[in-house]
Every structure is written in structure tokens, then in C-alpha cells.
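Undergrad: sequence plus predicted model, see below.
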Amino acid sequence: MEKQIRTKNYIILVVLIIVTVLAVFYARSWYITTKEYYAVNSIMLDTVSEIQPNELANYTLENPKFTLYVSSGQNSNIKEFEEQFQKNIIDQNLSSSIIYLNADNISQADLTKELQSYAENDQVKKRINTASAVSMYIFDNGKITNAIINAQQSSPEQINVLLKKYGVIDNA
């Protein structure tokens, strides 16, 4: 005697196939949306807070010691560096002491002028270069004391050495 397959089993199979297909399309849509978001935004935003150029004056008053990370969110050439540096930030527990400024939101001349107004001395003022793809400015007591220009050309280890030297990472 042959065993009959119940109609209920076919209905369950059809429902499972439909749910699986819908889940695949949802995952694909989510993946595409994430890719588009990171194409125009820095991945650093997952780790550090963002600041607008007009908020910098107030931020320096409230937080006298921090590091300003400046880059373009749309520059695809620095995405690999940012992924490595993001891991470095997490490993060193620096999320609260680094803030991100998107250089796409302000002209280079205005940003350079703004940052130069915070320079501790003329030597630091000359080092401020917002034309580089990635730059970091170390603030201490509301003034830029050091600058790391073209940081994307350095390895995470080299960045760590500089951040230790400039007092961002504790030398424990």
C-alpha cells in the first residue's frame, strides 16, 4: 500500500519557500542600502561621534582634550584604512576621545582657517592641512597641539605610536 502525502504538507512547503524568498530579498535590500550608506558616509561613524564645523567651538570648551579625525565620507580610497583604524580605536578604547568631522560639509579654505584659529603655535599652524585625505588634530586645553597629516599612509601601529607620543593613548 502506497503512503499518501497530505495536502497540508504541500501548503507548509509552499509557505516555507515563500518566506525564504522574501527573507532573501529583504537581506539583499538591506545589503544594498548599507553599501550605499557607506559609499557616502565614513565607517568611522559606527565607532565615534560626528561633529559639525559650527559645533567645534562649543565642543572644545566642554572637552578640552580630544582628537579630531577629519576625512571625506565619500572618499572610497580611505575605506580600508578607516576599517583598520576603527579596529584600533576599539582595541585602545578611544571611542570617547576621538570625534569625526566630515570634510565634505565645509570648504577646505574655511576648514583650514577654522582649525588654524585653534593652533597652539605657528609651527602647528603650518602643519594644518585639510587637503589631505585623512588628518587628525590633537586638542589639549582647547588648542591643537599636534597634527597627523595623511594618516591613511601610515599603519595602525605607526598611528598608535604617534597617539602615545601625543598623549592620546595612555602609556600604561
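TA: Here it is on my side, so go on. Because the structure is a prediction, the values reported are computed rather than measured.

Undergrad: wait, F139 touches T145, no?
TA: Yes. Judged on CB atoms under 8 Å, F139 makes contact with T145 at a distance of 7.2 Å. For glycine as for every other residue, the C-beta is placed from the backbone atoms N, C-alpha and C.

Undergrad: of the two, which one has the most company?
TA: F139 (23 against 17; other CB atoms under 10 Å).

Undergrad: for that one, give me its contacts.
TA: Neighbour list for F139: T60, N63, P64, K65, F66, T67, L68, Y118, T145 [criterion: CB atoms under 8 Å, 6 or more residues apart in numbering].

Undergrad: that one pairs with what?
TA: Judged by DSSP bridges, the bridge partners of F139 are F66, I144.

Undergrad: next one, pLDDT for it please.
TA: Note on F139: pLDDT of 93.

Undergrad: centroid residue for the protein?
TA: M44 (1.1 Å; CA atoms, centre = their mean).

Undergrad: would you confirm that that one contacts L101?
TA: No. Using CB under 8 Å as the test, M44 is too far from L101 to be in contact (10.1 Å).

Undergrad: which residues do those two both contact?
TA: With CB under 8 Å, 6+ apart, M44 and L101 have common neighbours Y69.

Undergrad: got the contact list for stretch 81-93?
TA: Outside stretch 81-93, the residues that reach it (CB under 8 Å, 6+ apart) are 42-44, 46-48, 71, 94-95, 98, 134, 151-152, 155-156, 159-160, 163, 169.

Undergrad: buried only: go through those residues for me.
TA: Among the contacts of stretch 81-93, those classed as buried by 16 or more other CB atoms under 10 Å are 42, 44, 47-48, 71, 94, 98, 134, 151-152, 156, 159-160, 163, 169.

Undergrad: just these: which are in helices?
TA: P156, I159, N160, L163 (DSSP state H).

Undergrad: from these, pick the one nearest T7.
TA: P156 (60.6 Å; CB to CB).

Undergrad: which residue is the nearest non-sequential neighbour of that closest one?
TA: N88 (4.5 Å; CB to CB, 6 or more residues apart in numbering).

Undergrad: okay, that neighbour: pLDDT?
TA: In this model, N88 carries a pLDDT of 89.

Undergrad: neighbours of it, how many?
TA: N88: 18 neighbours (other CB under 10 Å).

Undergrad: so it lies in a helix, does it not?
TA: Yes. Membership of N88 in a helix is supported by DSSP: H, G, I helix; E, B strand; the rest coil.
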